[in-house]
Each structure stands twice: as structure tokens, then as C-alpha cells.
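Peer 1: what's the 3D shape of this:
(2 chains, ligands or ions: 1)
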Amino acid sequence: MAYQNKDLHCYERFDRVIRGQIKRLITPELVEEHRRATVGAHSDALSRVVNYIRRAPLPGKFAVYAIKPFGPYRIIALSGVRGKRPEFVGEEEYATLDEIYHAIFLKRIENIK
Amino acid sequence: MTSEKNVGTKHIQGYCDRITVKSQDKIQFMVSAQGISEVDAQLVRLIHGDEHPQGPGFKEVPMAAALNKRYAVRKQFTQVGNFARVADAKGLLAPAGAFTLFVFIWPTTPQLHRQGLLTRWDATRQRGYGLGISADGYLEFWVGDGQTTQRVKSDVALYARCWYLAGASFDPATGEVILFQEGVVNSYNSLYSPALGLNYAGHAQGKITIRPANDAATNFLLAGSNEAGPDGQNAVCERYNGKIDRCGVINRALKRAEFDAIRASLANVPKQGVLAFWDTSAGYSEKGIGDKIVDIGPNALHTQGYNRPVRALTGYNWLGRDEVYRMAPEQYGGIHFHEDALIDSRWTPTCEWQVPEDLKSGCYALKLTAGESEEYIPFFVRAAKPKAKIVVIMATASYLAYANEQLSFCSPIVQPIFGRTPVLTEKDIVRVESQELGLSTYDAFLDGAGVCFSSYKRPILNMRPKYRMALASVWQFPADLSIIAWLENQGYDYEVLTDEDLHRDGAACLKPYTTVITGSHPEYYSERMMNGTEEYLAGGGRLIYTGANGYYWVISFSDEEPWCMEVRKAESGSRAWQAMPGEYYNQTEAVRSGMWRNRARAPQKLVGVGFSTEGFDTSGSFTKMPDAKDPAVSWIFDKVSSDTFGDFGLALGGAAGLEMDRYDLLLGTPPATRLLATSQGLTDNYPRVSEEIYYNFPGQGATQDYQCRADIVYFTTANNGAVFSTGSIAWASALPCKNFDNPVSSIMGNVLNAFLRAGPLPE
Ligand SMILES: [Fe+2]
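Peer 2: The predicted structure is shown next:
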């Protein structure tokens, strides 16, 4: 009974279209807007971009690893598999949440391009 | 296949057997450690739990106690998962001759790994027999003599979430095995419509030429197989995910026609030769149902669910008309077993302590340290004879609801809800990786079903001082310590109670106090807790509701096991999961669960405000509303001269944030309620809560919908009682800012001082 879930066909089609739209929204100004305010109120364009990347499926999704409670921080990628450890992404340490949030944002938009 | 794993670095974990104690009570601490052989224990009184650099930091007071010693510790085994064990030393279920097993099943993960349904099987030594599901999803019967294992397997795979009658008969004299597998699918009870004509039936026949080696020490099991644990103890592996309904063992080999007859009617279960017949629908009453699974056969081999398999669930014969077991208990024989459930770690106690007579009521913990490793086991000491005028109700039911939640690891919608990327620590990763500490009511079991029980007889690593939730703030217990720290700093004499006390004692435990203060997020309330609070207010009590999204879910406890909270998230509300149709009633108490709002007791009726929105990107502030200027109540704002206030806080930078409650006359906010202040500056990460959305349309975020907000309200009740509600979870975390000298602190002080004075309060 190895039936396929064809919902995935719709997801892939939809994701292709929306990625194209999101890609066109990414400008140096938008990246700068995110750098200045990584969370909170955003322009409609930046909201669309972060809404898209926050909804990504779990496997490989980035998260923040706090080495100590208030930093420094490292980027991890979630496994999406119950009980399976996340993996570190790169070696870099970030001093503040804003810095790592923006670094994750840059990685995510890089993946869209 | 055991749950034992060697994960993570060195760590200490522990729990206590009671969460609320008073002087002379005994409390036991259970500790397990990895890579550590000795720990130093120190009793501490907890004052503040949020290490945010803009606040006063973590604060504890070491206490002298006979308990303060060095203890030897080791890694303790945890048996995770549901099953039911029938000790069978007499071998009643180990017939020498022919026998039959039958069981109604609704498997949820047929293709995950081998799973036992009805077994008397020692998987370590491959001795005994079993009826189960093969790793590739087929019904299977097997016999082992310790040398070889022989199996007869169905030729038709099982569908998930469909009801079957499964069975096997075996005659060792001839070696003949009849495997029986037939669907029992109606229009309601299974995933698929009967109109499809799917083939559920599998009727393999085969020969098994060996006899089962039946050892006296081998238990008969529902929903698993026996194995030797890491220390040689009886452990259970091959645990089954799915429902089991009526099942039994018969001392002869039934023919196919006899299985067909059972499938047609339980009345056709043979009258003669029954070794066991568990009637999973027996035992329902107006009190719900317990863990006992009743054997109505002549041997009365009753059994007990382990780690509380879920009951009050629809069975194979559910007709979809009656939606509660009280109407048709015979249709509610479903018991859902989960391989990853955990109610009680059952560790050996490491130390015990008797609470001394003069110990002041408050929040305490046993602090355990070894080198860099640290663990706190919190518990609460109530006053044996209340003396203070103020009591804080520590929201232990809500702490349980979130216990060890794995949202950031398992739920793809967490980042959109948070409006930020989750912040995790090594401790989070270790606890999620081990899978030995159980789940929260925000998680799903491995098979996707929502978790409806949560217990404190296990380490709860997010109910700890200093713990920060992935949304970059403290939450629940460590957040509530900001209220404790504020009371301490302002010099108020206070005592504490827990939800467990309120549930057990009702209004009687509140009555000695002039003012009751809640935690920041008292979301989970039983009917007795609601009634106790209402009765207290009716009698002139005064309540400061220092939080939001409170009085929200209908929960239950069994009187025998107050450490385990139950909730069924019904078809409305901001919910991490939804109970299946027909399964909205709790089992530990025969009440409809879901939201209090849908049980005609919206939080607005009790505290003037109720849940309206939540967001976790940034917090907003408050602005005064016209009532704030009314001389009758303007004293609430003494020392708060500006119209806006609360643009600071340890919880995402403001006093109006995280989750918020709103005034609503139509939901029962008292008509004379003063709406003193309302939130401002919220983003669209604060959308309207789902229970308020009848039709969805664009623009329901806080920048476009004025009802996504927090309201601060005040009203009086009968006999000089009164309520002050802050409408926001972030409020509590604003109290300690600027060394406790800030407008939020001033407002709390103004209200509390007025509430502590006898006589009428202004309306
Ligand atoms: Fe909550």
C-alpha cells in the first residue's frame, strides 16, 4: 500500500510560484530593513518574505543555539525527525540575537535565490 | 528497543513525588544522572527566576536543611510507553494445548516496527507466543521455544486508523494456525468510507511445528512484548501504537466461522473455555473511568494500563450518534496505547525530607550540583496555618500543560506563531533527544494523536528557575517568580498555594486570605478550581489576575493521582491539537473538556477579560482609557502620571505582550467593569484568536483589528469582593524592571494596598 501523497504535488507547484514572487521582493533595501529590525513591525514586502521563510518545513530549518543564555549564539538546523539532534551550521558565533537572526535571514534568502 | 539511550553530555535530572507540601509532610526526591556519580544537594528558596540583564537577575536563598548532603546517583531506567501487564505466574494464559487470541484493533502506525497486540512473549529470549503486527505492517502470529521462532503472517497489509477484528487460533497437536483479519468499518468509526469496498480481510493459514516455551515469569501483555531491561528488570518493547477494544484468550482453537460470529456480535464470544475476556468498555461511571481493564471471564485477570493509556475513546462499534461514553458506554471500548507515553518515571528515591515546622510558605527547590552540571527540583510549601493576607496561586496545572514541550522541534507552525526563530539550548536538545521525559499537552505522540495527560512524576526541565522558552522569554513558572520577587522586594508578607490545593480544597484554601494573586498564565482550570475562585469572590475575596489566557481549558484530575492533569482539546480554541469526534470528554472526570468559553463560563464572567490575541515578536505598552480618570478609581494610577505606560519589560520589551485578554460584555464582563487601560503598539504577529473567528477574512491582525488587544479592568463583586485583571502575560515580567520602581509596579502596589484594606472598595 505504498500510495503517494499527492498533496505534495500541489505543495511543490505552489512553492515554485511563491518562491519566484518572494525572490523578486528581495532588494538591498529590504535586507537593510531586516538588519535594522529583525523582529517586530515590518513593511508589507518584508512581512511577505519572513512569513514565507518562517513557514518552511522542519527538516533543515534553521534555529538559534544559545551557547549561554544571552549569547553567544550559533546557527543550528533542525532534523525534523523526532529525537534526532539538530546539526550545527558553520562555525560562526554571534554575540546578539539580532545578529544571528539577521545571519539566518541572509542564509534563508540565499537559499531562495 | 528499550527507551534507554546514551545521549547528551553529563547531566542531572530529578523530580519529587509531591508538588505541594506543608510543615511535617514528607517529600521524596528522585534523581538520575549521566556521567556523574555524586551530587551536592542544597535546599533553596526561590525568589526570582529570570536572568534577563535588564532585571534583578536570578535570586535564590540557600536554606539550612537536614537534606543538604552529598548523594550517590546513577542513571535510572525509565519505562516509557503504554501497555497493560497481566502477571501470569500460574500460567492461566499459557495453555499446553490449543488456544485462540482475539482483539479488536485500530492501528495508527502499522508500518513503523514490530508491535505486540496480545503476547506472552519474551523478546529477549524468543520464548512464548504473540499476536502482533510485523515491521512491514501485516498481522502476524508467532511461537518461539528459545531455539527457533515460527511465524504465520497475513497476506493483506493493515490500513492505519481503520477498525479490524484480529485473531489467531493455534493447535499444537496439529500445528494448524488460523489467522483472522476482517475489517469492522462503518461510516463513522474508521478513516475511510465503507463505500470504497477496500479489502481489509486477510486469512492466512499455516503450520507452526514447535510449542511455545511458556515461562512462569513471562507476563501476558496487551500492546507490547517483554524484554530484559538494562538492569535485567522486566521491560516492555515492541510497543503498539493504536487503539485496542475488546479482546481475550480462549482455550481451544476457534474456526473461522467462530471468529466471524464474534465480529458480528460480542454475544458470540464462546461461553465455555474463556481464559480471559477483557471488556474495555466496563467501568464507566459518572466519575469517568480509571486505568483498570476488567476481565469479565471466570479468571478475573484484571489488568492496569501503564503510563495511562487513553480511555473515554470511541470503539470498534461506535455508531457516531452518541458523543459521550455516558450515553453509550458499550461503544466506548477504545483504549489508545502510545509507545511514547510517560506518566511516572518510577525512579528509586534518592532522598527524603520532612518539612520542618517553622519553614515559611513559598517557592522552594532542591538544588543539585556536580561540577558544571546543575538541576533544580521545585516544589511549593503552603502554610499549615495561614497567617499572611496575600496568597499567590502557583499555576501548577498550567506548568504541567507545558511540561517538556517540544514545539520548536516538532511543529512547523511555531516560527510563524513566534514571529521569530526559536532559541534553543543544549538542555533542550538533550531532553528532546532522549525521549525519556515524556511530552506536554502541546505535543503529539509519535502516531500523531494529541497528548491529553501530563504529570509531574518525571523531570520537567522547563519548569525550572532560569529556564527560557524558545520564544526568548521566560514562561509559566520562571515567569511567575517575577511576581514573587516583586512581593519580596516590596516587603509584602505572602504565602503560596498551588492549583493542586485549589482543586482539592476549593474556596476553603483561599478563604483565609484577603487577596489572591494569580500567575502570569493560569490557562488550565478544573471545575473545582473555577468554583473555588467564584465562591471566594462571592464571599468578598479579592483577586488580582496578573496574566492572560487564563481560565481557558477545562481540565480534570483523578482524586487518586493528583499529579496527572487531563485535557481534551475540543473543536475550538487556540489548540495544539484537536480531539477526535466523539472524544471531547475527559476520562478522569465525566466532563466535557475543551474551552470554558464553550461550557458557558467564558473567563470574562469570572475576571472581566478573556483571550483575544497572542504574539511573540515584540511586546507593546498600555494607554489609559477614560475610566482611568474617574476619581472613584483614579487612585489605581497614583504615581503614574503619563497617559501611556509599560513600554518596558523583561518579556519582549513591553508590559502588553505574549498573550492578551480583552473586555467583552457579550461574553460576560460584568456591566459595571472599569476599562482602565488598553494595549497599543502591537504588530500583525498578534492575530485574533481562532475561537473568535467564525468567518475568516484578510486583515485580522492587531494593526487592522481593534479587538486584538489587552485590557486592564477592575470591578467589584458581592460582599466587598473585587477583581483587578492586567490582561497581559508580559505584565508580570515588567514588575522587576528599573529595580521594581516603575509604573507597572506602582499600579500593582496601588491595587494590592487597596485590596488589603478591609471595608468596601469604590465601584
Ligand atoms: Fe498557553
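Peer 1: surely residue B:242 and residue B:105 touch.
Peer 2: Yes: assessed by Cβ atoms under 8 Å, residue B:242 is found in contact with residue B:105 at 6.1 Å. C-beta coordinates here come from the backbone N, C-alpha and C atoms, glycine included.
Peer 1: neighbour-wise, which of those two wins?
Peer 2: residue B:105 (28 against 25; other Cβ atoms under 10 Å in any protein chain shown).
Peer 1: confirm the more buried one sits in a strand?
Peer 2: Yes: under DSSP: H, G, I helix; E, B strand; the rest coil, residue B:105 sits within a strand.
Peer 1: any idea how far it is from chain A?
Peer 2: As judged by Cβ to the nearest Cβ, to the nearest Å, residue B:105 and chain A stand 17 Å apart.
Peer 1: and stretch B:429-449, how far from the chain's centre?
Peer 2: Stretch B:429-449 has its C-alpha centroid displaced from the chain centroid by 11 Å (Cα atoms, centre = their mean, to the nearest Å).
Peer 1: same question for it, mean pLDDT?
Peer 2: In this model, stretch B:429-449 carries a mean pLDDT of 95.
Peer 1: what do you get for stretch B:688-704?
Peer 2: 95.
Peer 1: contacting residues around it?
Peer 2: A:41, B:572-575, B:595, B:597-598, B:611-615, B:682-687, B:705, B:707-709 (Cβ atoms under 8 Å, 6 or more residues apart in numbering or on different chains).
Peer 1: do the helix or strand in which residue B:675 is found and chain A meet?
Peer 2: Per DSSP states H and E: residue B:675 is located in strand B:674-680. No: counting by Cβ under 8 Å from any Cβ of the partner chain, chain A has no neighbours in strand B:674-680; the shortest distance is 12.5 Å.
Peer 1: just after that strand, pick out the following helix or strand.
Peer 2: According to DSSP H and E, the helix or strand after strand B:674-680 is strand B:711-717.
Peer 1: mind giving me the packing neighbours of the next helix or strand after that following strand?
Peer 2: Per DSSP H and E, the first helix or strand lying C-terminal to strand B:711-717 is strand B:721-725. Packing contacts for strand B:721-725, counted by 3 or more Cβ pairs under 8 Å, 6 or more residues apart in numbering or on different chains; DSSP states H and E, involve helix B:527-538, strand B:542-545, helix B:603-607, strand B:711-717, helix B:743-756.
Peer 1: repeat that for 6 Å
Peer 2: Counting contacts by 3 or more Cβ pairs under 6 Å, 6 or more residues apart in numbering or on different chains; DSSP states H and E, strand B:721-725 packs against strand B:542-545, strand B:711-717.
Peer 1: figure out how far stretch B:366-374 is from the centre of its chain.
Peer 2: With Cα atoms, centre = their mean, you get 27 Å for stretch B:366-374.
Peer 1: alpha carbons only: can I get it in PDB?
Peer 2: Taking C-alpha atoms only, stretch B:366-374 is exported to PDB below (Å, rounded to 0.1, in the frame of the first residue of the first chain):
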ATOM      1  CA  LEU B 366      16.200  21.100  45.900                       C
ATOM      2  CA  LYS B 367      19.300  22.400  44.000                       C
ATOM      3  CA  LEU B 368      21.600  19.700  42.800                       C
ATOM      4  CA  THR B 369      25.100  20.400  41.600                       C
ATOM      5  CA  ALA B 370      28.100  18.500  40.300                       C
ATOM      6  CA  GLY B 371      30.900  20.500  38.700                       C
ATOM      7  CA  GLU B 372      29.300  22.500  35.900                       C
ATOM      8  CA  SER B 373      26.000  20.500  36.000                       C
ATOM      9  CA  GLU B 374      23.000  21.800  37.800                       C
END
